[in-house]
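Peer 1: This is the structure alone, sequence omitted:
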């Protein structure tokens, strides 16, 4: 987000009084952070300006010489139906307001109205226009298919179709100024996704990451908003908050689901008003950063239980990405294994080891509760103790080879699989079915199948011979 040009479409202010135009432009810039402003004091020039400039919102005076605001409104809505028009009149007449709204005006204000109401109406119109643009871009992008900038996702190793669909969605919403919510279990790579969204946003500023888990309300406010010198005991000098550090860039708030209710109120006000107060200051500052948040928690469940504010929840999920767990995209395991083997070998200054063929089959039988972070840790551990050419399976067997270490996502041990059967299978029949399933899951590898069953490989071989 470029602080010198907000929003990314122009606002055209039309009034025959130059002094009023200057005052309104200054108010919008100082109080609402709106800087992409053009002015016009001759209503006859408006249509040609709209033809040549990228204008998204027009603030139009109703009473002007040459062409009245009402006549100009009719021409604009006919020629440029996507443009939003706000009427600003010197007269408080209900009939005028009704006529203008019927002609297609977005809103109607009287010049003597409180400044905050007018600013609120302009910001609402800007947000509405932005959402319309984003919806069009998303539809066009998803229908077109493919990625325009695949290099932005180079840090994310995947071939999964669901992940590629997520990438396309990120491209479509990357330039949006609305918050982006990223959910998913711990270890799935939420920060990598946030980094990709930041890269695609075109923001000139940095990506600033803050883990808000465990921050009490005061520390949260101080971390984000900063403080003035003397704001509290020990505040010996001015400190910029993370929002200011992320100016013209992206502020990434991780573990947002752990925020206290008072901190949630502060974050909601920041998102709604676009402004904040450094501790010890009575002058607000405008936010100049895109907000991305992430959590491993189920925010919908937290909202229903009262642990998360409903208004903040719906505000955050304007754009929402859920990253699937590794157990839901096991086809990525061989790709990630190769990537981490190369990465670990480079960092540890070793030659990349060759993994045994059965390693990927073994890892595919494990649910990885720690997701990609857990797989990376195991690979680094294995490479650190590696000697020779073929990588040892021992480190992987310690994690994925123990039956008690494999929590199943689909089968509950306590459930009786035979409940409801008219005829119970014999021990022999049940054992044969169990062995067949283990062999199938292990891809025909008896060593892995034996470990899935919790028995030795010789015992499994003996069972297979008896069943022939």
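Peer 2: Nice, I can see it. Fair warning: this is a prediction, and the values are worked out from it, not measured in the lab.

Peer 1: How is residue 51 assigned, secondary-structure-wise?
Peer 2: Counting by DSSP: H, G, I helix; E, B strand; the rest coil, the backbone at residue 51 sits in helix.

Peer 1: roughly how far apart are it and residue 83?
Peer 2: Taking C-beta to C-beta, to the nearest Å as the measure, residue 51 falls 12 Å from residue 83. Bear in mind the C-beta positions are built from the backbone N, C-alpha and C, glycine included.

Peer 1: now do residue 440
Peer 2: 62 Å.

Peer 1: Quick one: distance of the helix or strand encompassing residue 85 to the chain centre.
Peer 2: In the assignment (DSSP states H and E), residue 85 maps to strand 84-89. Chain-centre distance of strand 84-89: 34 Å, with C-alpha atoms, centre = their mean, to the nearest Å.

Peer 1: who does that strand touch, helix- and strand-wise?
Peer 2: Strand 84-89 is packed against strand 55-61, helix 69-79, helix 94-103, strand 107-110, helix 115-144, with contacts defined by 3 or more C-beta pairs under 8 Å, 6 or more residues apart in numbering; DSSP states H and E.

Peer 1: so that strand versus helix 94-103, what angle?
Peer 2: Inter-element angle recorded for strand 84-89 and helix 94-103: 170 degrees (by axes from the mean of the first three to the mean of the last three C-alpha atoms, to 10 degrees).

Peer 1: Parallel or antiparallel, which strands does strand 84-89 pair with?
Peer 2: strand 55-61 (parallel), strand 107-110 (parallel) (DSSP bridges).

Peer 1: Which stretch among the ones you listed approaches residue 336 most closely?
Peer 2: Residue 336 lies closest to strand 55-61 among the strands paired with strand 84-89, at 43.2 Å (C-beta to C-beta).

Peer 1: what does that closest one contact?
Peer 2: Under the criterion C-beta atoms under 8 Å, 6 or more residues apart in numbering, residues 7, 9-17, 20, 24, 38, 46, 49-50, 69, 72-73, 76, 83-90, 122, 125-126, 129, 133 lie in contact with strand 55-61.

Peer 1: Which PyMOL command selects the buried ones in those?
Peer 2: Buried residues among these (16 or more other C-beta atoms under 10 Å), as a PyMOL selection:
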select buried, resi 7+9+10+11+12+13+14+15+16+20+24+46+49+50+69+72+73+76+83+84+85+86+87+88+89+122+125+126+129+133
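
Peer 1: that older thread, can you put the helices and strands packed on strand 84-89 in a markdown table and add distance to residue 279?
Peer 2: Formatted as a markdown table, the helices and strands packed on strand 84-89 follow (distance: least, C-beta to C-beta, whole Å):
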| stretch | distance to residue 279 |
| --- | --- |
| strand 55-61 | 35 |
| helix 69-79 | 45 |
| helix 94-103 | 43 |
| strand 107-110 | 35 |
| helix 115-144 | 24 |
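
Peer 1: Find the one among these with the highest mean neighbour count.
Peer 2: The highest mean neighbour count among the helices and strands packed on strand 84-89, using mean count of other C-beta atoms under 10 Å, belongs to strand 55-61: a mean of 24.

Peer 1: starting at the chain centroid, how far to that strand?
Peer 2: Worked out by C-alpha atoms, centre = their mean, strand 55-61 lies 31 Å from the chain centre.

Peer 1: Could you number the chain from 37 rather than 1 from now on?
Peer 2: Sure, I'll start numbering at 37, so the last one becomes strand 91-97.

Peer 1: average model confidence for that strand?
Peer 2: For strand 91-97, mean pLDDT is 95.

Peer 1: what's the distance between residue 263 and residue 270?
Peer 2: Here residue 263 is placed at a distance of 10 Å from residue 270 (C-beta to C-beta).

Peer 1: again, but for residue 489
Peer 2: The gap separating residue 489 from residue 270 is 61 Å, by C-beta to C-beta.

Peer 1: neighbour count winner among the two?
Peer 2: Higher neighbour count among residue 489 and residue 270: residue 489, with 19 against 7, using other C-beta atoms under 10 Å.

Peer 1: quick one, what contacts the more buried one?
Peer 2: 439, 470-471, 474, 496 are the contacts of residue 489 under C-beta under 8 Å, 6+ apart.

Peer 1: so residue 170 makes contact with residue 212?
Peer 2: Yes. If you go by C-beta atoms under 8 Å, residue 170 and residue 212 touch, sitting 5.0 Å apart.

Peer 1: How about residue 396, nearest residue that isn't a chain neighbour?
Peer 2: residue 370 (4.7 Å; C-beta to C-beta, 6 or more residues apart in numbering).

Peer 1: Is that neighbour within a helix or a strand, and which one?
Peer 2: Here residue 370 is assigned to helix 369-383, by DSSP H and E.

Peer 1: Give me the neighbour count for the nearest residue to residue 250 once chain neighbours are set aside.
Peer 2: Spatially, and ignoring its direct neighbours in sequence, residue 250 is nearest to residue 294 (6.9 Å; C-beta to C-beta, 6+ apart). A count of nearby residues for residue 294, using other C-beta under 10 Å, gives 18.

Peer 1: Might one say that residue 294 is in contact with residue 249?
Peer 2: Yes. The criterion here is C-beta under 8 Å, and residue 294 meets it with residue 249 at 4.3 Å.

Peer 1: related to what we said a few turns ago, can you pick out the most distant pair from the contacts of residue 489?
Peer 2: Pairwise distances across the contacts of residue 489 peak at 14.5 Å for 439 and 471 (criterion: C-beta to C-beta).

Peer 1: which one of those two has more residues nearby?
Peer 2: More crowded of residue 439 and residue 471, by other C-beta under 10 Å: residue 471, with 20 against 10.

Peer 1: quick one: contacts for that one?
Peer 2: Contacts of residue 471 (C-beta under 8 Å, 6+ apart): 485, 489, 496, 499-500, 503.

Peer 1: Lowest pLDDT pick from the residues you listed?
Peer 2: The member of the contacts of residue 471 with the lowest pLDDT is residue 503, at 69.

Peer 1: Residue 225: neighbouring residues, count only.
Peer 2: 21.

Peer 1: Could you pull up the residues touching it?
Peer 2: Contacts of residue 225 (C-beta under 8 Å, 6+ apart): 192, 359, 407-408.

Peer 1: mind listing which of those residues are in helices?
Peer 2: 407-408 (DSSP state H).

Peer 1: The contacts of residue 225: which two are farthest apart?
Peer 2: Going by C-beta to C-beta, the pair spanning the contacts of residue 225 furthest: 192 and 407, at 13.0 Å.

Peer 1: between the two, which one's more packed in?
Peer 2: Neighbours around residue 192 and residue 407, counted as other C-beta under 10 Å, are more numerous at residue 407. The numbers are 22 against 17.

Peer 1: Next one: the more buried one, what pLDDT does it get?
Peer 2: Residue 407 is given a pLDDT of 96.

Peer 1: what secondary structure does the closest residue to residue 70 other than its chain neighbours sit in?
Peer 2: What sits nearest to residue 70 in space, not counting adjacent residues and going by C-beta to C-beta, 6+ apart, is residue 64, at 4.1 Å. For residue 64, the secondary structure call by three-state DSSP comes out as helix.

Peer 1: ok, now the one 10 residues further on?
Peer 2: In three-state terms, and counting by three-state DSSP, residue 74 is strand.
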